[in-house]
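J.: quick one: sequence plus predicted model below, questions after.
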Amino acid sequence: MVLRCSSLDCGVCGKCRGCLNIYGWELMICLGFLGAAWAYGLESYMGSCVSLSHCAYKHGEQTGMYNCSNQALSPIPFLPPLSMDKGLFEGLIVPNVQEDEGLIVPKVQEEEIDLKSKVWQESKNIWRVALPGIIARVGSFGTIVVTQSFIGHISPLDLAAYALVQSIIVRFVNGILLGMSSATETLCGQAFGAGQYHMMGIYLQRSWIVDLITLTILLPVFIFGRQFFLLLGQEESIAISGGYISLWFIPYVYNFVFSLTIQMYLQAQIKNKLIAWISAFQFILHVPLSWLLVTYFSLGVPGAMSALIISSWFLVIGEFIYIFGGWCPQSWKGFSKAAFLDIIPLVKLSLSSGFMVCLELWYTAVLVLVAGYMENAEVAIAAFSICLNINSWELMMCLGFLGAACVRVANELGKGNANAVRFSIKVLVATSLVIGAIFSTLCFLFHKELAHFFTDDKEVADTISDLSVLLGVSVFLNSVYPVLSGVAVGAGLQGTVAIVNLVCYYLIGIPVGIFFGYVVGLQVKGIWIGMIFGIACQSITMCILAWRTDWDVQVLKASERLKRFYLKSGEETSRSSNDA
């Protein structure tokens, strides 16, 4: 009786290449061969380093596989002894080792090499999204800070009024629009990961419709700015000046409708380098333009606000040229009637997104409002808002990582890769923490010099210097929660984060700030301590949320969400009235 085994799996973990013909009971010896290799060879082989070219396994293979083959099979006259040359074991994969130029390298080193390469690759993916986003946000918000700096050198009253409008009304509106636009970030990111490119342009148009209607409804807070501030109990002189400045912000805030949504649309496709370049040029243009209108022509507040409006719309026009000019051929198929379909589900997702971001941005607005009720409100508002804008400027960098977190998480969820999501979160948080530590240290070292960039008033400058230590702590905390918020946005968990923000900011941060500010008597410093408490609580809660989230379940939810919003390309074309 002849049994033929075309391929013998003599694996310690892999396969031996070649063919062995086994006659009759020699099959039993082969089983013994395998048993001896595993029983005697494997344990003593662990960690040994031997040359594969001669297959001279010093410990395990000599005691197990080599002895078995030569002693057990050699006595059989009609079967030649097995050769122990490299050819028999070529391609053999042994647990805990790998072949590297003739050496057996421990798998621990292999895993370290793999980990380094994975971290490097993930870091490149993150920075491809984060760096343009950071430049765009720092440049765009930098125009706000530069305008505040020029107005601060006009008069302390105008500085306080500008700070009140920008910190309360503009932040209020920006929070709503940014939050509602984050639904675009979620849907475009997941659609890109799933390869549904044609839907991205539809999502963008839907977000324009929703945001335009929303902003138009909110216009009365700008038109009746003076009455709004008087109703909140602010000093009459600040309220009158604030009402005048709020009217100048109307053309400015309309750029949010397009700039925010287009940035998220391009970011989801890793095409946001354009935004970075335009934003950098926008900032470079804004500084001399502000100097020209405010200092050279002495136009005061109108000159400063005109420069802000011109530079902000410069960014939007550049984005329009890029999209309509054909540089997004897969995702932009022209204006379509399909953009008016399924608006209600988008509004629901936008509302949960808007609630999440609004609670976060309005928190600082409430703190500025609280500062306005203190003694010497003009100094308190000016100092607090300047520190807040410095903090927010650094926060723009971390928001770049928020965008990267959203894109990376959304893309990987769209692909169905839960493990990649977990790994990306770890790399994102670690990178952002390092950057936060660097800028926090700079705040500690240059705390006296910061104030003089924004004001000539000595009292305001001294108050800013006193807040510098707390500012450094806030800057460091900024490096955690934006990233984890971006993770939540990418996964579509905006509603959960909204609840976290509500509890941490409004039920913990504001009461603590009022206690230290009014009861203990620390004034502005007490309010800032409350803000730190709120951010710290939020950061800890978001870490726990990210750790306990079942990302395999989120993969399934992302798939269901994409199916619900999906519109086939043919159907979209048939519903389109005019493809441009």
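T.: On my side now, so go ahead. Residues are numbered from 1 along each chain as shown.

J.: going by C-alpha atoms from here, please, whenever you check contacts or count neighbours.
T.: Noted.

J.: low-scoring stretches of this protein, by residue?
T.: Applying pLDDT under 70 to the chain picks out residues 1-113, 352-354, 356, 447, 490, 492, 561-580.

J.: which stretches in the stretch 351-500 of the chain count as strands?
T.: Read by DSSP state E, counting those that start in this stretch, the stretch 351-500 of the chain holds no strands at all.

J.: ugh, wrong one, I meant the stretch 101-250 of the chain
T.: Secondary structure of the stretch 101-250 of the chain by DSSP E, counting those that start in this stretch: the strands cover 103-106.

J.: where's residue 544 relative to residue 266, distance?
T.: Distance from residue 544 to residue 266, counting by Cα to Cα, to the nearest Å: 31 Å.

J.: who has more neighbours out of those two?
T.: Set residue 544 next to residue 266 and count neighbours by other Cα atoms under 10 Å: residue 266 wins out with 24 against 11.

J.: verify the stated contact: residue 175 with residue 363.
T.: No: using Cα atoms under 8 Å, residue 175 is not in contact with residue 363, being 10.4 Å away.

J.: what's around the closest residue to residue 129 other than its chain neighbours, how many residues?
T.: Closest residue in space to residue 129, ignoring its immediate chain neighbours: residue 404 at 5.2 Å, by Cα to Cα, 6 or more residues apart in numbering. A count of nearby residues for residue 404, using other Cα under 10 Å, gives 31.

J.: wait, doesn't residue 404 sit right on residue 130?
T.: Yes: here residue 404 reaches residue 130: they are 5.0 Å apart, a contact under Cα under 8 Å.

J.: which residues touch the residue nearest to residue 543 when sequence neighbours are not counted?
T.: Nearest non-adjacent residue to residue 543, counting by Cα to Cα, 6+ apart: residue 484, 7.1 Å away. By Cα atoms under 8 Å, 6 or more residues apart in numbering, residue 484 lies in contact with 402, 405, 425, 429, 542-543, 546.

J.: how far away is residue 484 from residue 283?
T.: Distance of residue 484 to residue 283, computed by Cα to Cα: 28 Å.

J.: what's the longest helix along the chain packed up against?
T.: When the chain is parsed with DSSP state H, its longest helix is helix 107-152. Judged by 3 or more Cα pairs under 8 Å, 6 or more residues apart in numbering; DSSP states H and E, helix 107-152 is in contact with strand 97-100, helix 156-164, helix 273-290, helix 300-322, helix 377-415, helix 418-445.

J.: tilt between that helix and helix 273-290?
T.: On the basis of axes from the mean of the first three to the mean of the last three Cα atoms, to 10 degrees, helix 107-152 is oriented at 30 degrees to helix 273-290.

J.: count of residues packed around residue 328?
T.: Residue 328 is flanked by 16 other residues according to other Cα under 10 Å.

J.: contacts only, for it.
T.: residue 322.

J.: look up phi and psi at it.
T.: Per-residue torsions, residue 328: phi -130, psi 60 (degrees, to the nearest 10).

J.: that older thread, same list, the helices and strands packed on helix 107-152, but as TSV with distance to residue 137 please.
T.: Shown next, in TSV, are the helices and strands packed on helix 107-152 (distance: least, Cα to Cα, whole Å):
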stretch	distance to residue 137
strand 97-100	46
helix 156-164	19
helix 273-290	8
helix 300-322	12
helix 377-415	5
helix 418-445	16
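
J.: and these: which comes nearest residue 261?
T.: Residue 261 lies closest to helix 300-322 among those, at 10.5 Å (Cα to Cα).

J.: ok, residues contacting stretch 269-285?
T.: Under Cα under 8 Å, 6+ apart, the answer for stretch 269-285 is 128-129, 132-137, 139-140, 142-143, 189, 192, 263, 266, 311-312, 314-315, 318-319.

J.: give me that answer again for 7 Å
T.: Residues outside stretch 269-285 that contact it (Cα atoms under 7 Å, 6 or more residues apart in numbering) are 128-129, 132-133, 135-136, 139-140, 142-143, 192, 263, 266, 311, 314-315, 318.

J.: so how do I select the buried members of these in ChimeraX?
T.: In ChimeraX syntax, the buried subset of those is picked out as below (16 or more other Cα atoms under 10 Å):
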select :128,129,132,133,135,136,139,140,142,143,192,263,266,311,314,315,318
